[in-house]
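Visitor: Turn this into a model:
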Amino acid sequence: MAGSEGWSDTMDANDQIKKISSLEKPQVETMTGANYVDFKAVKYRNKPVRGGQNLLIKVDVGGEDYIHLSLYQPGDGKIQIRGVKEKRTKEDELTPFPI
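Guide: Coordinates of the predicted model:
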């Protein structure tokens, strides 16, 4: 799916992506109204944009449940959550979604 609107292929989450998702956990919990015991980034895609990058991250939140995060990381590194898709599965592809 690389090249689809400039997004990378889906890749395994590296240490940087795992750190980003764990730092955003409190804000995601506030947005969704959920308290996640597990919150582990497993896959991601990125898209370079002027001034930073967009990220899509698949997060394992326990059991069979996953969520997808849409984030923007400007050059200064401060993450902005653009959206959260709940009730995802391990098999669901990471695709851009409206924010």
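Visitor: Show me where this structure dips below the pLDDT cut-off.
Guide: Filtered on pLDDT under 70, the chain yields the residue ranges 1-4, 99.
Visitor: bridging residues for the most centrally placed residue in it?
Guide: A centroid search over the chain (CA atoms, centre = their mean) returns residue 57, at 2.3 Å, as the residue closest to the centre. Beta-bridge partners for residue 57, by DSSP bridges, are residue 44, residue 69.
Visitor: relative to its centroid, which residue of the chain is most remote?
Guide: Most distant from the centre of the chain: residue 50, at 19.2 Å, with distances by CA atoms, centre = their mean.
Visitor: That one and residue 16, how far apart?
Guide: To residue 16, residue 50 is 21 Å away according to CB to CB, to the nearest Å. Using the backbone N, CA and C atoms, a C-beta is placed for each residue, glycine as well.
Visitor: Now do the strands in this structure.
Guide: With strands called from DSSP state E, the chain shows them at 11-12, 40-49, 52-60, 66-74, 80-88.
Visitor: Would you mind giving those strands as CSV with distance to residue 31 added?
Guide: Shown next, in CSV, are the strands of the chain (distance: least, CB to CB, whole Å):
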stretch, distance to residue 31
strand 11-12, 25
strand 40-49, 16
strand 52-60, 13
strand 66-74, 10
strand 80-88, 6
